[in-house]
Each structure stands twice: as structure tokens, then as C-alpha cells.
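> Would you be able to build a 3D model of this:
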Amino acid sequence: MIGKGSKLYSIFGMKCPKCQETPLFENKNPYKYDKFFAMPRTCPKCGQRFELEPAFYFGAMYVSYGVSVAYLVSVFVAMLVLYPSFSINEYLAIAIGSLVILGPYLFKLCRAIYINFFVSYDPSAIEDFKEED
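Coordinates of the predicted model:
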């Protein structure tokens, strides 16, 4: 299900969406802030450009908003089921605190989701790129 060739493999592995071989980010650890935003311009294996147009990843903010809302709703439902007598202050502390902690990971995850909207897996991309060289 999450094997190579699926969108989920590319998204959660944060790999090139076209060849699924190379990482999308120069620094794979989202909690190490050295080169946090750095992405290669192109994939070295298949030649896929990672920034399809100027300011391409501004659209990832909309994905981030949707993922954050889904996360906050799921935390609310989980608290409602597991701890029915919670107060709104407890919910806000847990939900916002955990969202801040997950923020760097969600940033990179939403970029990976966004580029996967536009680029599909192509198993022959590596061979085609080698032939062009």
C-alpha cells in the first residue's frame, strides 16, 4: 500500500515525486534547523524541477491549513472520547502545544503533499534522464 510508486510513499518518505529515489530536502531531519528550507533545484536522478514556478510553494500554505484543521479536529474528538470532562483550556493547551511541536514536520510534509498534486510517479524517468545526458 505504501510501497514505491504510491503517492503516500513519496509524501511520507519526502522523496522526489517523479522517481521516488532522492530526498526533497537537503536536510531530512525537520528538527535540525540548519538548511531547514533548503531544497535541491532539480532531482539528480530524474531531472525533475522541485520548484515548478516562482513562489510555487505558497500554495502549500493552503495544504498546511487543511492538515492543521484536520489535526485539531482529531485532537478534539480524541479528547472527547478519552477524557469527556475536559475544559477548553486543556484542549487549547494540548492542541496548540502539540501543533507547535509538530510544526517543522508538518511544514515539510505539506510541501511534499503539494508537489505530489502536480507531479506523478514515472518509473522510466531515471532511464529517460540518463539517455538525455
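> what sits against the residue most central in space within the chain?
When Cα atoms, centre = their mean is applied to the chain, the residue found nearest the centroid is residue 109 (1.6 Å). Residues near residue 109 by Cβ atoms under 8 Å, 6 or more residues apart in numbering: 11-12, 14, 67. C-beta coordinates here come from the backbone N, C-alpha and C atoms, glycine included.
> Let's verify the closest residue to residue 5 other than its chain neighbours: helix, strand, or coil?
Spatial nearest neighbour of residue 5, chain neighbours left out: residue 121 (5.4 Å); criterion: Cβ to Cβ, 6 or more residues apart in numbering. The local conformation at residue 121, judged by DSSP: H, G, I helix; E, B strand; the rest coil, is coil.
> Likewise for residue 35?
Following three-state DSSP, the label given to residue 35 is coil.
> Pull the contacting residues for residue 112.
Each residue near residue 112 by Cβ under 8 Å, 6+ apart is listed here: 10-12, 14, 17, 24.
> Burial check on the spatially closest residue to residue 8 that is not a sequence neighbour, number of neighbours?
Closest residue in space to residue 8, ignoring its immediate chain neighbours: residue 2 at 4.7 Å, by Cβ to Cβ, 6+ apart. Residues within reach of residue 2, counting by other Cβ atoms under 10 Å, total 12.
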